[in-house]
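J.: any chance you can model this:
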Amino acid sequence: MAASVTSPIVLEAFPVVGRRNEWGFGILLTGGLTALAVAVHGYHPYAEDGGLYMAGVKRLIDPALYPHETAFVTEHLRFSVFAPAVAGLVRWSHLRLDLAFLLLYVASFWVTLFAAWLLAKRCFTSRTARCGAVTLLAAWMTLPIAGTALMLMDPYVTARSISTPCALLALVGALMFLRPEGGEGKRGLLLACGALTVAAVMHPLMAADALGCILLLGCVSSASGRVRRWATMTLCVAAVFAAGVLWSLSPAEGALYRRAAETRHYWFLSQWQWYELIGLAAPLVILAAIALGRRRRDITARVALSRMAIAAGITAVVVAVLFARLGAANYVVARLQPLRVFQLIYVVMILMLGAAGAERVLKQRPARWAAALTLLCGVMVFADRQTFPDSPHLELPHVLFPGASENLWEQAFLWIRQNTPKDALFALDANYISKPGEDAQCFRAIAERSALPDYSKDGGEVSIAPRLAPAWAAGQAAQARLSAETDAQRERSLGPLGVTWVVLDRTAVTDFACGYMNGAVKVCRLPQEVADGALH
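T.: Sure thing, here's the model as predicted:
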């Protein structure tokens, strides 16, 4: 039993051997937990935001794709090097794009877990506690973050897949700098700056949250109680003041944009359900018990992280309540989504809970660990199957070969990729992504064809790019009752927009030539004279 716990005395007596042993153990542990996490949480590369990022990368690799409504493919990539970096990786490695995304997915899980292991090393001397902290994170890797529409890690690849582990590495570097052990302060500063830089070029918004947390960590880690109180309070008040200045100086926004922004209910606390509000408060209460418990004079790494998380969470809630209000004159602060900082707060909470559970309940009892993992992982597998009931749990590259997909919508989209011209423009039901059996699979990413903007994901594009609002509104109007309309109505609404193909419900009545039909949808071509008229 004693051999399974790394004693601080042993590490002091044999510093090089002890630290190398911990590094090796951490690499092996997080490697095994990565395999477990991927198996538990699944992989859905074309779903939700994963499809948006996938389409953007495909556009860079093949500029002939998406010649219509192109802004809805590229707009969200303007402030990130994610798509160019992945496209460059594919060209350099000669890997298939779907395989490259799978490798990135696995790598992002491992780096996140290894960064969490390094963070746990700064907080807990017991190997049992460290294992519990990282194991719980692996089991809860796709846990929803209250009502923010975020997960800890997505079951697909986005810019957040890279910014999240970088944010954790930046916290590790900050702790190394603030609480150096053996002259590692300079290395910690370099790690924090490097990780923040990578996060910033991948996802500036998430990197800004990480920077705010690091600044707060510096304040709460001070040896002086006066500095801790006043510096932390000053930083939090400054953040609220900056948000107020930004909100007050921003002009009022147009009705079309407001309509799109208000579809993002998770921006506004007043739109949250009661259980989502509990998800916001619970982490702060849990961390308060750690930060304000016994031995408050001993500002350990875990106490500092907990206090940082509490200060960041309260500040974000105050900003959201004051300046991210439904019906406000503008939504500029809401667009910045201040509550996204809870992603890091959740990670800190999970590490603390996992460590406490391992030391106090699981201890070194394999049966208890097995039972806990079975329960926790079983719940997450069930949640994934409820979210993607008509798609494979692991949508590995071979699953998307012709005829291999279980999802009827994906089958139709794959037929479109293989049997329609690249310059085709499609119309689908505006809410197709939430249809039964569709499983939020992104049409553009799978079919590799242009489409009129949809309500859900393209509404999200408009929420961060107001200039797209008119095109989005026009697309909604044209596709609102697509499967219920007559052919004449479809021609009148879609022809002027240049649409050449439609995806209709299987039961839709039409005389259009339909080249494909399955149990969910049919794919039909508009008459040539309608398309020709649109071109002229």
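
J.: please report how far the closest residue to Ala358 other than its chain neighbours lies from Leu36.
T.: Distances taken as C-beta to C-beta, 6 or more residues apart in numbering place Gly132 nearest to Ala358, at 2.3 Å, with adjacent residues excluded. The C-beta positions use only the backbone N, C-alpha and C, and glycine is treated the same way. Distance, Gly132 to Leu36, by C-beta to C-beta, to the nearest Å: 14 Å.

J.: the two: which is more packed in?
T.: With neighbours defined as other C-beta atoms under 10 Å, Gly132 and Leu36 compare such that Gly132 has more, 28 against 18.

J.: identify the residues contacting the more buried one.
T.: Gly354, Ala355, Ala356, Gly357, Ala358, Glu359, Leu362 (C-beta atoms under 8 Å, 6 or more residues apart in numbering).

J.: what about Arg78? Give its phi and psi, please.
T.: phi -60, psi -30 (degrees, to the nearest 10).

J.: swap in Phe426?
T.: phi -100, psi 150.

J.: and it, how many neighbours?
T.: Phe426, neighbours per other C-beta under 10 Å, totals 23.

J.: which stretches in the stretch 201-350 of the chain count as helices?
T.: Counting by DSSP state H, counting those that start in this stretch, one finds helices in the stretch 201-350 of the chain at the ranges 204-220, 225-249, 255-261, 274-291, 301-323, 332-336, 342-357.

J.: re the thing from before, so the residue nearest to Ala358 is in which element?
T.: Per DSSP states H and E, Gly132 falls inside helix 127-139.

J.: distance of Val172 from Leu191?
T.: Val172 is 7 Å from Leu191, by C-beta to C-beta.

J.: should've said Asp62
T.: Taking C-beta to C-beta, one finds Asp62 at 37 Å from Leu191.

J.: and those two? Which one has more around it.
T.: Neighbour totals were compared for Asp62 and Leu191, and Leu191 leads with 21 against 13 (other C-beta under 10 Å).

J.: could you find the closest non-adjacent residue to the more buried one?
T.: Nearest residue to Leu191, sequence neighbours excluded (C-beta to C-beta, 6+ apart): Gly173, at 3.2 Å.

J.: can you name the residues that contact that neighbour?
T.: Contacts of Gly173 (C-beta under 8 Å, 6+ apart): Arg187, Gly188, Leu189, Leu190, Leu191, Ala192, Cys193, Gly194, Ala195.

J.: separation between it and Val220?
T.: 17 Å.

J.: could you tell me what pLDDT the model assigned to Trp23?
T.: Listed pLDDT for Trp23 reads 81.

J.: try Ala520
T.: 91.

J.: count the neighbours of the nearest residue to it once chain neighbours are set aside for me.
T.: Closest residue to Ala520 apart from its sequence neighbours, by C-beta to C-beta, 6+ apart: Leu408 at 3.8 Å. Neighbours of Leu408 under the rule other C-beta under 10 Å: 16.

J.: got the contact list for Leu408?
T.: Listed by C-beta under 8 Å, 6+ apart, the contact set of Leu408 reads Asp390, Gly437, Asn518, Gly519, Ala520, Val521.

J.: and with 6 Å instead?
T.: Gly437, Asn518, Gly519, Ala520 (C-beta atoms under 6 Å, 6 or more residues apart in numbering).

J.: whichever of those end up buried, select them in ChimeraX.
T.: Applying 16 or more other C-beta atoms under 10 Å to these leaves a buried subset, and the ChimeraX line that selects it is:
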select :520
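
J.: which pair in the contacts of Leu408 has the greatest spatial separation?
T.: Greatest spatial distance in the contacts of Leu408: Gly437 and Asn518, 10.5 Å, computed using C-beta to C-beta.

J.: ok, now which ones touch Ala85?
T.: Contacts of Ala85 (C-beta under 6 Å, 6+ apart): none.

J.: who touches whichever helix or strand Ala478 is part of?
T.: Ala478 belongs to helix 469-479 when elements are defined using DSSP H and E. When contacts are defined by C-beta under 6 Å, 6+ apart, helix 469-479 is touched by residues Leu256, Tyr257, Ala260, Ala427, Ala430, Leu452, Pro453, Asp458, Val462, Ser493, Leu494, Leu497.

J.: tell me which two of those residues sit farthest apart.
T.: Tyr257 and Leu494 (24.2 Å).

J.: who's more crowded, those two?
T.: The residue with more neighbours, out of Tyr257 and Leu494, is Leu494; 25 against 21, by other C-beta under 10 Å.

J.: these two touch, right, the more buried one and Leu428?
T.: No. Under the contact definition of C-beta atoms under 6 Å, Leu494 does not touch Leu428, with a separation of 11.0 Å.

J.: sorry, back to before: let me know the closest of the contacts of Leu408 to Gly279.
T.: Distance to Gly279, by C-beta to C-beta, is smallest for Gly437 among those, at 28.6 Å.

J.: quick one: contacts for that closest one?
T.: Asp390, Leu408, Ala520.

J.: just Arg264 next, same as before
T.: Applying C-beta under 6 Å, 6+ apart, the residues near Arg264 are Ser463.

J.: need the per-residue pLDDT for it.
T.: What the model reports as pLDDT for Arg264 is 88.

J.: could you do the one 4 residues further on as well?
T.: Model confidence at Phe268, expressed as pLDDT, equals 93.

J.: now it, nearest residue through space, not along the chain?
T.: Leaving aside its sequence neighbours, Phe268 sits nearest to Leu326 (C-beta to C-beta, 6+ apart; 4.3 Å).

J.: could I get the phi/psi values of that neighbour?
T.: Dihedral angles for Leu326 - degrees, to the nearest 10 - are phi -60, psi 130.

J.: can you give me the helices in the stretch 51-200 of the chain?
T.: Going by DSSP H, counting those that start in this stretch, the stretch 51-200 of the chain shows helices at 71-74, 82-93, 97-123, 127-139, 160-178, 185-202.

J.: from the middle of its chain, how far away would stretch 437-455 be?
T.: Its chain's C-alpha centre and that of stretch 437-455 lie 19 Å apart, by C-alpha atoms, centre = their mean, to the nearest Å.
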